[in-house]
Every structure is written in C-alpha cells, then in structure tokens.
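Student: I'd like to go over a predicted model; first the sequence, then the structure.
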Amino acid sequence: MKYPNFSEEKKLWKKGYKFVVGLDEAGRGPLAGPVVAGAVMVKPYKIFDSSVRDSKLLSPKKREEVYNFFKNHPDIKWGIGIVSEKIIDRINILEATKLAMKKSIKNLKSDYLILDGSFKINSQIPQKSIIKADQKVFSCALASIFAKVTRDRLMKKYHKKYSHYGFDKHKGYPTKAHFANLRKFGSCKIHRKSFHPVSEA
C-alpha cells in the first residue's frame, strides 16, 4: 500500500510556491452535525516520516496521537473551517464543504491549494483537485486528520446535550443504531433536515 507523500508539494515548491496548502473535509455523509474542513501547510522541504495516513485508515486513538504531535509543530501551519447543519440544509452539502474549505484557509498565508476531491473552491489562489488526495498527498492526509479529530470532538460535545442519539459513538453517521433512534425520537436541532431519512422523521 502506498502512503501519502510529498511528491505534489515538491513539484509546487520547485515552481516557486512557498505556501502550499492541502485541504480535506470530514462530515459530508452524516445525518447530523456540521461539515468540517482542515487545511495544512508544511514549510518547504520539511519532510516528515510519520504515521500520517488518510484519517479513515487510522483508529480514533491514532488520529488523536497524530493531531497532538502536529498541532503545535513549528514546521506546520493549519486551519479549520466549520459549517453548521443549518447552512448545509440551506445551500447543500457540496457547497457547504466548499465554504468550510474557504473558512479553513482564512488565516493561512497560501499561494497554492491542493484539494481532496473533484471540485474547486471559489478563490483567486491557484488550486488543484486530486481524487483521494488524502491517500496520496501528505498535507491533505494531515488536513483530513485535523478535520476528523475536530469534528469527532464536536459530536462528543453534542452527545452531552442529545445523549439518546448516540452521537458519541456514530458521530452522526447513518448507522443502524442512529436510524433506530431517529425513528424512536425524531430529529433534533443538529440533524440535517434536508437529508433522507431525517426529512421524514
């Protein structure tokens, strides 16, 4: 199995781009909660040999370890963008994902963007979209971890308020347990009302 590497970043560094930012999101598929985007910039030619992978391939414990290692690392700059379920319902999940990505780079100095996916965001900054970039590009893989850890922590907080849905376990994703609780209790304030089967609950 190939692991995320710096080949894309290196190409851009050689072309003179000093502030290359990788972006990815967490939370496009859930029935509840926000969509969260992560943005990561690595200082040019600071290559890491680490356990960074696409967040979906890591255990929650390992994601937390990677997050904690990099969150204050001097050679890493990062940002988070969060878009609520209400805005998701208003503009749809794809547009909400793009908006979260724009928010995530707001406080980052960037001159090139690498996006995980097949779409681009509305920005004057040059950008490139790569399908499954979180499995290929180091900065996108690390961005996926920042986004996932941030979102999981948010959903655990929501669990304290809406404990009967089990958000601490499934994080809002469409599991059997979530479907059952949705049928039993109906939807709550953080459910995405435009998503099936929430729209029928």
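Tutor: Nice, I can see it.
Student: what about Ala26, distance to Leu58?
Tutor: Ala26 sits 12 Å away from Leu58 when distances are taken as CB to CB, to the nearest Å. C-beta coordinates here come from the backbone N, C-alpha and C atoms, glycine included.
Student: which one's more surrounded, these two?
Tutor: Taking other CB atoms under 10 Å, Ala26 and Leu58 do not tie; Ala26 has more neighbours (28 against 20).
Student: what are the bridge partners for the more buried one, then?
Tutor: Assessed by DSSP bridges, Ala26 has beta-bridge partners Val36.
Student: that one touches Lys56, doesn't it?
Tutor: No. The criterion here is CB atoms under 8 Å, and Ala26 misses it with Lys56 at 9.1 Å.
Student: overlap in contacts, those two.
Tutor: Residues touching both Ala26 and Lys56 by CB atoms under 8 Å, 6 or more residues apart in numbering: 144, 148.
Student: please report phi then psi for the residue nearest to Val198 when sequence neighbours are not counted.
Tutor: Nearest-residue entry for Val198: His191, 4.7 Å, with adjacent residues in sequence omitted and distances by CB to CB, 6 or more residues apart in numbering. Its backbone dihedrals place His191 at phi -70, psi 150, with angles given as degrees, to the nearest 10.
Student: hang on, isn't His191 packed against Pro30?
Tutor: No. Counting by CB under 8 Å, Pro30 is not a contact partner of His191; they are 9.4 Å apart.
Student: of these two, who's got more company?
Tutor: Counted by other CB under 10 Å, His191 and Pro30 do not tie: Pro30 has more neighbours, with 26 against 23.
Student: nearest residue to the middle of this protein?
Tutor: Centroid-nearest residue in the chain: Glu25, 2.3 Å away (criterion: CA atoms, centre = their mean).
Student: which residues does that one contact?
Tutor: Glu25 neighbours (CB under 8 Å, 6+ apart): 35-38, 97, 100-101, 116, 144, 147.
Student: again with Asp152
Tutor: Asp152 is in contact with 26, 60, 63, 171, counting by CB under 8 Å, 6+ apart.
Student: looking at these, which are in helices?
Tutor: Per DSSP state H, helices hold the following members of these: 60, 63.
Student: okay, the contacts of Asp152 in JSON lines with pLDDT and distance to Lys86 next?
Tutor: Rendered in JSON lines, the data for these read as follows (pLDDT from 0 to 100; distance: CB to CB, whole Å):
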{"residue": "Ala26", "pLDDT": "97", "distance to Lys86": "18"}
{"residue": "Pro60", "pLDDT": "92", "distance to Lys86": "27"}
{"residue": "Arg63", "pLDDT": "94", "distance to Lys86": "27"}
{"residue": "Lys171", "pLDDT": "97", "distance to Lys86": "18"}
